[in-house]
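Visitor: Here's my sequence, what's the structure:
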Amino acid sequence: MDLQNLARAGRAPTLPMSIELEDAAGPAQLQLLSLLRVLPGQRYVGAGVWRGRAVLAKLLVGPRAPRQFQREREGARLLAAQGLATPTLLADGLRPGQGGWLLFEFLEQGQSLADAWAQVESLPPLADAQTEVIAEALQAIAGMHAKGLWQEDLHLDNLLRSGGRVYVVDGGGVRAEQPGQPLSRQRVLENLGVFFAQLPQALAPCLEELLVYYLLANSEHALPLEALQKQIDKVRAWRLRDLLAKAGRDCTLFSVKQGPSLLQATPRDQEAAMAPVLADPDRLIDQGHLYKTGGAATVARVNANGRVLLIKRYNIKGVAHWFKRFWRPSRAWHSWIEAQRLMFLGFATPRPLAVQERRTLGLRGKAYLVTEHLQGPDLMHCFSGHVQDGQVPEAQLAALDELFAGLIRERISHGDLKAHNLFWENGRWALIDLDAMQQHGTAGSFAQAYARDRARFLRNWPATSALHRVLDERLPRLG
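Guide: Below you'll find the model as predicted:
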């Protein structure tokens with residue numbers, strides 16, 4: 001296969017494949033054995049063998065290939081010229097009208113810091129193992145900044161640990177201010193804002209403590225926490241908007257199909273597993289355990305290939321109801337988007353696995369939302385034995401404090417905050433039933449919505465009960 005044909009190979013070309021490339025010694029076959037990242041028709045990154053040596057291959061195709069090739073090669077050369085740890089560029093080339101290639105040394109037993117972080121993310125904030133990963137990343141970033149370089153697309157997947165060192169990979173995002181001279185303070189703040197914005201919100205109070213690891217490797221500038229926090233907030237808001245936009249289009253993260261009879265979305269890593277579920281969700285619902293039937297919604301626990309899932313079908317009750325619903329996004333789609341928002345912001349909620357809107361000539365009808373099934377009890381069950389004594393376990397009250405504080409911080413209202421819509425999972429309260437959830441743009445509109453949420457939550461128990469009094473005193477008020 002040549003690069004021109006690779007551009008038409010789609011998202012999953014057949015492997016292994018042979019591609020004829022060349023270097024100063026002449027042409028040779030690249031044996032591409034696996035793919036690590038694919039942007040169909042643009043970029044294929046994978047592991048292979050070139051002249052008997054293991055390599056990481058970046059194959060760039062399509063009309064943007066020449067520009068991307070120049071950026072990748074320039075970034076790799078900048079890193080190497082400044083003596084920073086980065087994989088050696090072994091061969092590169094560009095064929096007009098076909099595409100370009102860059103072949104790097106393959107780091108044996110390399111692990112991205114993203115994978116390292118995934119192994120420790122569930123630990124308590126700033127556990128030793130978490131601190132180790134963040135410190136490694138900050139020291140590598142500080143090394144770049146001290147040499148006048150920064151990485152625009154800075155994330156943990158672009159830092160690779162191997163043999164006791166952390167390597168900077170993906171030269172396409174590397175930029176230079178004045179190579180060899182420390183980066184300016186504003187650029188440092190902006191770049192660190194990109195990095196810290198990707199860490200969980202639970203680590204926000206630890207910002208000053210974490211920043212020490214950067215300053216130990218590069219103390220060129222004083223870095224005001226307030227200015228850094230502004231950059232973090234700015235990047236976090238942008239990343240959220242970007243994620244929510246991606247949740248509605250076909251991309252690396254999501255598989256989205258849209259046409260006059262269907263709108264369907266799944267996380268890319270769930271596409272194959274969800275295909276049989278979405279092929280006939282009504283059959284699974286009929287065979288499953290029904291929690292709610294009829295009316296505007298039907299909810300069922302189902303078994304799909306040995307996996308327990310929850311399917312919520314949003315029904316059309318009649319012609320009048322259809323006229324109210326066909327012209328706007330379904331409640332299933334709204335819940336799909338709001339679940340992405342909650343997970344990004346660090347709230348607990350069942351992972352959304354698929355959403356499907358049935359359509360007729362583009363007009364919406366029934367819709368389905370598929371999520372993970374929560375195993376834990378709901379809040380009403382957890383608190384049922386404490387209505388009169390108010391002696392709820394402190395861990396559950398503390399988790400409730402954390403949930404409400406998070407909702408206030410992010411200006412999120414639920415819209416139906418009854419006790420049956422919170423589940424106790426892994427020491428946290430997980431939110432479900434996100435049909436009416438909203439993130440507010442102003443403090444005023446949020447304050448009104450929060451007051452309604454708070455009042456609805458307290459109405460779960462008699463106003464004269466000890467539990468109502470305990471919660472009323474504990475839950476924060478606004479204004």
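Visitor: use CA for all of it now, contacts and neighbours both
Guide: Will do.
Visitor: Tell me where the stretch 51-200 of the chain has helices.
Guide: Counting by DSSP state H, counting those that start in this stretch, the segments of the stretch 51-200 of the chain that form helices are 65-81, 113-120, 128-146, 185-196.
Visitor: For this protein, which helix or strand comes out least confident on mean pLDDT?
Guide: For the chain, the helix or strand with the lowest mean confidence is helix 319-325, at a mean of 52 (criterion: mean pLDDT, DSSP states H and E).
Visitor: so what's Leu458 closest to, chain neighbours aside?
Guide: In space, Leu458 comes closest to His468 once its chain neighbours are excluded; the distance is 6.3 Å by C-alpha to C-alpha, 6 or more residues apart in numbering.
Visitor: where are the low-confidence patches of the chain?
Guide: Low-confidence regions of the chain, defined here as pLDDT under 70, cover residues 294, 317-328, 360-364.
Visitor: domain parsing for the chain?
Guide: Under the assignment named as automatic domain parsing, the residue ranges that make up the domains of the chain are 3-105, 111-246, 254-372, 379-474.
Visitor: follow-up on the earlier one: can you tell me the SS state at the residue nearest to Leu458?
Guide: Secondary structure for His468, judged by DSSP: H, G, I helix; E, B strand; the rest coil, is helix.
Visitor: Tabulate the domains of the chain (JSON lines), appending mean neighbour count.
Guide: Putting the domains of the chain into JSON lines (neighbours: other C-alpha atoms under 10 Å) gives the following:
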{"stretch": "domain 3-105", "mean neighbour count": "18"}
{"stretch": "domain 111-246", "mean neighbour count": "17"}
{"stretch": "domain 254-372", "mean neighbour count": "18"}
{"stretch": "domain 379-474", "mean neighbour count": "17"}
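Visitor: so which of the helices of the stretch 51-200 of the chain comes closest to Leu210?
Guide: Smallest distance to Leu210 across the helices of the stretch 51-200 of the chain (C-alpha to C-alpha): 7.3 Å, for helix 128-146.
Visitor: Arg64 touches Gln42, doesn't it?
Guide: Yes: between Arg64 and Gln42 there is a contact under C-alpha atoms under 8 Å: 7.4 Å.
Visitor: Could I get the contacting residues of Gln178?
Guide: Taking C-alpha atoms under 8 Å, 6 or more residues apart in numbering as the criterion, Gln178 is in contact with Gly148, Leu149.
Visitor: quick one: which of the helices of the stretch 51-200 of the chain is nearest Arg331?
Guide: Arg331 sits nearest to helix 113-120 of all the helices of the stretch 51-200 of the chain, at 31.6 Å, using C-alpha to C-alpha.
Visitor: quick one: the closest one to chain centroid distance?
Guide: Its chain's C-alpha centre and that of helix 113-120 lie 14 Å apart, by C-alpha atoms, centre = their mean, to the nearest Å.
Visitor: got the angle between that helix and helix 128-146?
Guide: Interaxial angle, helix 113-120 versus helix 128-146 (axes from the mean of the first three to the mean of the last three C-alpha atoms, to 10 degrees): 160 degrees.
Visitor: residues in contact with helix 113-120?
Guide: Helix 113-120 has contacts (C-alpha under 8 Å, 6+ apart) with Ala129, Gln130, Val133, Ala137, His155, Leu156, Asp157, Asn158, Leu159, Leu160, Arg161.
Visitor: quick one, longest strand in this protein?
Guide: Longest strand in the chain by number of residues (criterion: DSSP state E): strand 26-39.
Visitor: what are the pairing partners of it, and which direction each?
Guide: Strands adjacent to strand 26-39 in the sheet, as given by DSSP bridges, are strand 17-23 (antiparallel), strand 43-50 (antiparallel).
Visitor: For the spatially most central residue of the chain, which non-adjacent residue is spatially closest?
Guide: Centroid check for the chain by C-alpha atoms, centre = their mean gives Phe344 as the closest residue, at 5.9 Å. Spatial nearest neighbour of Phe344, chain neighbours left out: Leu240 (7.0 Å); criterion: C-alpha to C-alpha, 6+ apart.
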